[in-house]
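Enquirer: sequence first, then the predicted structure, then my questions.
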Number of protein chains: 2
Amino acid sequence: MTYREEIDSIVDQLLFDKKFNINMADFQNIVIEGMGGSGIAGLIFSEIYSGKPLVVLNSYHCPEFVGKKTLFIALSYSGNTEETLSCAREAKEKGAVVLSITSGGKLPEISDFTIRIPSGYQPRSSLGFLLMPLINTIAPGLRKNIDEIIKNIKSIRKSEDEIDSIAKKIYQSGKVPYFVSWSPTASVAYRCKTQFNENSKMLANAGFLSEINHNELVPMGMNHEQDPFIYIAYENSFSDRNSLRLKLTESLSGREITKVKLIGSNAFAQIMYGVYYGDILSYHFALLRGIDPEDVSIIEKLKAELS
Amino acid sequence: MTYREEIDSIVDQLLFDKKFNINMADFQNIVIEGMGGSGIAGLIFSEIYSGKPLVVLNSYHCPEFVGKKTLFIALSYSGNTEETLSCAREAKEKGAVVLSITSGGKLPEISDFTIRIPSGYQPRSSLGFLLMPLINTIAPGLRKNIDEIIKNIKSIRKSEDEIDSIAKKIYQSGKVPYFVSWSPTASVAYRCKTQFNENSKMLANAGFLSEINHNELVPMGMNHEQDPFIYIAYENSFSDRNSLRLKLTESLSGREITKVKLIGSNAFAQIMYGVYYGDILSYHFALLRGIDPEDVSIIEKLKAELS
């Protein structure tokens, strides 16, 4: 499988139907722990589900409240992420039910229940495998428009000229891309930032409306010649106020913001549309730079030094 | 009161002793909502308290789970922040107990209980007033080393030459400061970023270990000539692994990272040390640029356009 095929496989991954056999009524709260390309599935889930208090962690340690009424879910593609192992061990000691979604490693030994996902992918290319068991188990109603989501995602492939032109615009600017979005699709901006980091080997930034209006708007409106950023916004259809804020941010700051409209009938659909759009954008950007989008060997070097 | 005196008043604000008369046993979970300079108090509190599930919001809308067992706390210095008013109204409709900490505005009308804090400050200079009622009410044990914290903060004033030299280093680099920290002091990096935005009118970035090791390390190790950032880390003493990661991030990426050691006997102490250090750093930076650190008139313009 080529790396591009790995990226495109998200379509099939959305049909991944494994789920945990647990009773959600047994739990008062949920903690989802995961780092980097694995952790993003927890961040996305936290934007489409809020039926119980849900804390997303990217940390070595568990909060104090974790106990018997906590459903703790560890996401680690490799199953050997040291932060996630540390956190899952603490959760287990505190009496939480520990679930894990992983392709292998030591994580299953600590877990009460494990869903095994296919190996051989980059963690960041396994988002569907990591995300769907959360949905299938905790919020199965969100599966109802999977067909629509798959159709929308596939339609992005017909817009690759448009995506390539955005990649070229960023590339030719020589600037650092700054991705903006807002709840319930803020995760799209963060995902796109990390995909630029890993696929395109590019520094990138992510910011969220309306929060940035309360601080970052100040320098955006000044020092244009010193601004190292080029702004790209993923615009969802769920907040008229934030859509208006995006326009006012542009006019008051005097900055041009490239807008990508997210398509889909609910937050889950628009997030997945934005995720795939950003994945393809970062892939095109890597090709423009003549860089291997798959290679992240410096992260492997760090892991070797830490072990 | 000069703006510098406003910044320095954090010392006295830590002695602010108002609290809500509620019984914490009545609540299963806590939601703290706030934007910008008001919201930061919620973010800091979430790093020093984890006795119950706590969700920090910067949003127009409440999560579904909010109900009678939820303690909802609205932080808005003005009392008229539209996101916070919207969120507090939703929480009230869902049956939550709504507390507010504010200097005035419409927020008290929606709230079950309100703590009034002094008016006439910039929201970002009222952090102690916004934070201490959270501590006094929910986690009063954290007050035990207030004297130590005040002593540590005051000692920073003796290091203003060192702080000024860091400000000059950033200024002379012509680069955008990128502040790094990690749990339980990640809020220090974010606070410092926003203080550079508002006080210094400077773009700035914030990132958190170990998460950035899983993505941003890749571009940090390449394209040095294109890197618009200068890196400053607030190093707490609570995670040997993250301290090691900071060193390895530096050596593997070939980037120089200026380190500020956070001082204090617990997370609360080290956070407040870092907050005041960053406040002074951003203030010195504004002076270097010949800019009024108090003025954020573009945010007022935005609010006028939105109303």
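Expert: Cool, got the structure.

Enquirer: which elements pack onto the one helix or strand residue A:298 maps to?
Expert: Using DSSP states H and E, residue A:298 sits in helix A:297-306. Contacts defined by 3 or more C-beta pairs under 8 Å, 6 or more residues apart in numbering or on different chains; DSSP states H and E place helix A:297-306 against helix B:217-220, helix B:240-253. (Glycine included, C-beta is placed from N, CA and C.)

Enquirer: does residue A:266 touch residue A:145 like I think?
Expert: Yes. In this structure residue A:266 lies within contact range of residue A:145 using C-beta atoms under 8 Å: 6.6 Å.

Enquirer: still on that earlier bit, and of the helices and strands packed on helix A:297-306, who's closest to residue B:132?
Expert: helix B:240-253 (28.0 Å; C-beta to C-beta).

Enquirer: just want the angle from that closest one to helix A:297-306.
Expert: 130 degrees (axes from the mean of the first three to the mean of the last three C-alpha atoms, to 10 degrees).

Enquirer: just to revisit the earlier point, tell me the most buried of the helices and strands packed on helix A:297-306?
Expert: Mean neighbour count, computed with mean count of other C-beta atoms under 10 Å in any protein chain shown, is highest for helix B:217-220 among these, reaching a mean of 24.

Enquirer: in the stretch 101-250 of chain A, what residue comes closest to chain B?
Expert: Relative to chain B, the nearest point of the stretch 101-250 of chain A is residue A:214 (2.6 Å; C-beta to the nearest C-beta).

Enquirer: what sits against that residue?
Expert: Counting by C-beta atoms under 8 Å, 6 or more residues apart in numbering or on different chains, residue A:214 touches B:35-37, B:39, B:194, B:299.

Enquirer: wait, what's in contact with residue A:296?
Expert: A:122, A:198, B:218.

Enquirer: do you know how far the residue of the stretch 101-250 of chain A closest to chain B is from residue A:139?
Expert: 31 Å (C-beta to C-beta, to the nearest Å).

Enquirer: give me the neighbour count for the residue in the stretch 1-150 of chain A that chain B sits nearest to.
Expert: Nearest to chain B in the stretch 1-150 of chain A, going by C-beta to the nearest C-beta, is residue A:36, at a distance of 2.6 Å. Residue A:36 is flanked by 26 other residues according to other C-beta atoms under 10 Å in any protein chain shown.

Enquirer: now do residue A:147
Expert: 11.

Enquirer: and it, what helix or strand is that in?
Expert: Counting by DSSP H and E, residue A:147 is found in helix A:146-156.

Enquirer: what packs against that helix?
Expert: helix A:10-13, helix A:267-289.

Enquirer: pull the CA atoms of the helix or strand following it into CSV?
Expert: For helix A:146-156, the succeeding helix or strand toward the C-terminus, using DSSP H and E, is helix A:160-173. Presented in CSV, the C-alpha positions along helix A:160-173 are these (Å, rounded to 0.1, in the frame of the first residue of the first chain):
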residue,chain,number,x,y,z
GLU,A,160,-7.9,18.1,-5.8
ASP,A,161,-7.1,20.9,-8.2
GLU,A,162,-8.6,23.4,-5.7
ILE,A,163,-6.7,21.7,-2.8
ASP,A,164,-3.4,21.8,-4.8
SER,A,165,-3.9,25.5,-5.5
ILE,A,166,-4.2,26.2,-1.8
ALA,A,167,-1.1,24.1,-1.2
LYS,A,168,0.7,26.2,-3.9
LYS,A,169,-0.5,29.4,-2.3
ILE,A,170,0.9,28.5,1.1
TYR,A,171,4.1,27.2,-0.5
GLN,A,172,4.7,30.3,-2.6
SER,A,173,4.0,32.6,0.4
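
Enquirer: helix, strand or coil for residue A:88?
Expert: helix (DSSP: H, G, I helix; E, B strand; the rest coil).

Enquirer: what residues are up against it?
Expert: Taking C-beta under 8 Å, 6+ apart as the test, what residue A:88 contacts is A:33, A:72, A:74, A:98, A:100, A:107, A:110-111.

Enquirer: now the helix holding residue A:298, how far from the chain's geometric center?
Expert: The chain centre lies 22 Å from the centre of helix A:297-306; the measure is C-alpha atoms, centre = their mean, to the nearest Å.

Enquirer: follow-up on the earlier one: I figured the residue of the stretch 1-150 of chain A closest to chain B was touching residue A:126, is that so?
Expert: No. Counting by C-beta under 8 Å, residue A:36 does not reach residue A:126; the two are 11.7 Å apart.

Enquirer: wait, doesn't residue A:20 sit right on residue A:134?
Expert: No. Between residue A:20 and residue A:134 there is no contact under C-beta under 8 Å: 9.2 Å.

Enquirer: these two: which is more packed in?
Expert: Neighbour count, other C-beta under 10 Å: between residue A:20 and residue A:134, residue A:134 has more, with 26 against 20.

Enquirer: what strands flank the helix or strand containing residue A:99, and is each parallel or antiparallel?
Expert: If you go by DSSP H and E, residue A:99 is part of strand A:97-102. Sheet pairing of strand A:97-102 (DSSP bridges) gives strand A:70-75 (parallel), strand A:113-116 (parallel).

Enquirer: among the ones you listed, which is nearest residue A:295?
Expert: strand A:70-75 (23.0 Å).

Enquirer: how about the CA coordinates for that closest one, as PDB?
Expert: The C-alpha trace of strand A:70-75 is given here as PDB (Å, rounded to 0.1, in the frame of the first residue of the first chain):
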ATOM      1  CA  THR A  70     -14.900   6.000  35.200                       C
ATOM      2  CA  LEU A  71     -14.600   4.500  31.800                       C
ATOM      3  CA  PHE A  72     -11.000   5.000  30.800                       C
ATOM      4  CA  ILE A  73     -10.100   4.500  27.200                       C
ATOM      5  CA  ALA A  74      -6.400   4.300  26.100                       C
ATOM      6  CA  LEU A  75      -5.700   5.100  22.400                       C
END
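
Enquirer: I'd like the average pLDDT over that strand.
Expert: The average of the pLDDT scores along strand A:70-75 is 98.

Enquirer: same question, stretch A:39-49
Expert: On average, stretch A:39-49 scores 98.

Enquirer: who touches that stretch?
Expert: Contacts for stretch A:39-49 (C-beta under 8 Å, 6+ apart): A:32-34, A:54, A:56-58, A:73, A:75, A:101, A:124, A:127, A:130-131, A:134-135, A:138-139, A:142, A:183-187, A:190-191, A:194, A:266-268, A:271, A:275, B:211, B:214.

Enquirer: alpha carbons only: can I get that stretch in PDB?
Expert: What follows is stretch A:39-49, C-alpha atoms only, in PDB (Å, rounded to 0.1, in the frame of the first residue of the first chain):
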ATOM      1  CA  GLY A  39      -4.900  11.100  20.600                       C
ATOM      2  CA  ILE A  40      -6.600  13.100  17.800                       C
ATOM      3  CA  ALA A  41      -9.400  10.400  17.800                       C
ATOM      4  CA  GLY A  42     -10.200  11.400  21.400                       C
ATOM      5  CA  LEU A  43     -10.200  15.100  20.600                       C
ATOM      6  CA  ILE A  44     -12.600  14.600  17.700                       C
ATOM      7  CA  PHE A  45     -14.900  12.300  19.800                       C
ATOM      8  CA  SER A  46     -15.100  15.100  22.500                       C
ATOM      9  CA  GLU A  47     -16.500  17.400  19.800                       C
ATOM     10  CA  ILE A  48     -19.300  15.100  18.700                       C
ATOM     11  CA  TYR A  49     -20.300  13.500  22.100                       C
END
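
Enquirer: list the buried residues of it.
Expert: Buried positions in stretch A:39-49, judged by neighbour count with 16 or more other C-beta atoms under 10 Å in any protein chain shown: A:39-49.

Enquirer: check the offset of it from the chain's centre.
Expert: Counting by C-alpha atoms, centre = their mean, stretch A:39-49 comes out at 7 Å from the chain centroid.
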